[in-house]
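Visitor: Structure, please.
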Amino acid sequence: MARYTGPRARVSRRLGTNIWGTKGETVALDKRPYPPGEHGRTRRRGNASEYLLQLQEKQKARFTYGLSERQFRNLYEEANRRPGVTGENMLRYLELRLDNVVYRVGWAATRPQARQFVSHGHVSVNGKRVTVPSYRLRKGDVVTVRDKARSMIVVQQNRDVLDRQAPAWIESGDDGWAATVRELPVRDQIDVPVREQLIVELYSK
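Guide: Next comes the predicted model:
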């Protein structure tokens with residue numbers, strides 16, 4: 001199953017960063033800024049092996065975007081086949097996921113919430129209802145919130161409270177209910193704390 005349903009703060013502490021962006025993870029990282037488990041306090045991050053560093057970067061990306069191991073591996077292999085830099089291709093494909101765009105424009109507070117939002121059929125792409133969170137958008141695609149979903153309290157609250165600015169490669173509509181993929185994202189426009197080159201090295205072995 002692609003969706004992780006276990007304790008989020010535990011994963012964030014193990015990887016040393018707030019993966020899902022929730023308040024609980026922030027509190028856990030502030031209170032206990034060390035890996036979980038009996039030997040978490042005594043574990044030395046500075047002496048981590050090359051393999052461990054590579055694995056942690058892969059896990060950061062995989063958990064952040066909500067992919068299973070198989071999905072992530074397939075995405076890497078596709079990125080590796082395409083022209084260009086493999087690591088950048090991989091991050092670009094992850095950013096172009098429909099659920100990620102819903103998160104980026106501020107209709108959902110977290111990517112898991114955006115995933116659910118898409119799965120429940122609240123989003124259309126170019127006028128057609130799409131319920132696949134992993135649907136990959138292309139340049140010029142227009143994503144809109146369906147009329148019925150616009151009155152949902154959680155969506156209105158996210159728009160009012162989050163006040164999230166969409167990245168430069170996404171253009172938000174004047175009414176706030178539509179978003180257009182202006183261009184394909186480049187690495188400088190992707191703010192996830194992931195060192196993609198380590199992931200490429202891990203899969204290249």
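Visitor: Quick check: pLDDT value at Trp20.
Guide: Here the pLDDT value assigned to Trp20 is 67.
Visitor: With Arg164 instead?
Guide: Looking at Arg164, its pLDDT is 84.
Visitor: measure it to Ser172 for me?
Guide: From Arg164 across to Ser172, the span is 10 Å (Cβ to Cβ, to the nearest Å). To be clear about C-beta, it is placed using only N, CA and C from the backbone, and glycine gets the same treatment.
Visitor: least trustworthy helix or strand in this protein by mean pLDDT?
Guide: helix 23-31 (a mean of 67; mean pLDDT, DSSP states H and E).
Visitor: which residues do Arg164 and Ser172 both contact?
Guide: Shared contacts of Arg164 and Ser172 (Cβ atoms under 8 Å, 6 or more residues apart in numbering): Val105.
Visitor: which non-adjacent residue is nearest the residue nearest the centre of the chain?
Guide: Centroid-nearest residue in the chain, with Cα atoms, centre = their mean: Tyr65, separated by 3.2 Å. Leaving aside its chain neighbours, Tyr65 sits nearest to Leu94 (4.8 Å; criterion: Cβ to Cβ, 6 or more residues apart in numbering).
Visitor: Next up, phi/psi of that neighbour, please.
Guide: Here is the backbone geometry of Leu94 (degrees, to the nearest 10): phi -70, psi -40.
Visitor: For the longest helix seen in the chain, output the C-alpha coordinates as CSV.
Guide: The residue-count maximum for a helix in the chain (DSSP state H) belongs to helix 50-65. This file holds the C-alpha atoms of helix 50-65, laid out as CSV (Å, rounded to 0.1, in the frame of the first residue of the first chain):
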residue,chain,number,x,y,z
GLU,A,50,27.4,6.4,2.8
TYR,A,51,24.6,3.9,2.3
LEU,A,52,22.7,5.1,5.3
LEU,A,53,22.8,8.7,4.0
GLN,A,54,21.6,7.6,0.6
LEU,A,55,18.8,5.6,2.1
GLN,A,56,17.7,8.4,4.3
GLU,A,57,17.5,10.8,1.3
LYS,A,58,15.4,8.3,-0.6
GLN,A,59,13.1,7.8,2.4
LYS,A,60,12.7,11.6,2.8
ALA,A,61,11.5,11.9,-0.8
ARG,A,62,9.3,8.8,-0.7
PHE,A,63,7.5,9.8,2.5
THR,A,64,7.2,13.4,1.5
TYR,A,65,5.3,12.6,-1.7
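Visitor: Name the residues that touch whichever helix or strand comes after it?
Guide: Remark: after helix 50-65, the chain's next helix or strand is helix 69-81, criterion DSSP states H and E. Outside of helix 69-81, the residues within contact range by Cβ under 8 Å, 6+ apart are 2, 58, 61-62, 67, 86-87, 89-90, 93-94, 134, 199-200, 203.
Visitor: so how far is stretch 197-205 off the chain centroid?
Guide: 20 Å (Cα atoms, centre = their mean, to the nearest Å).
Visitor: who does the longest helix of the chain touch, helix- and strand-wise?
Guide: Under the contact criterion of 3 or more Cβ pairs under 8 Å, 6 or more residues apart in numbering; DSSP states H and E, helix 50-65 touches helix 8-15, helix 69-81, helix 86-95, helix 196-204.
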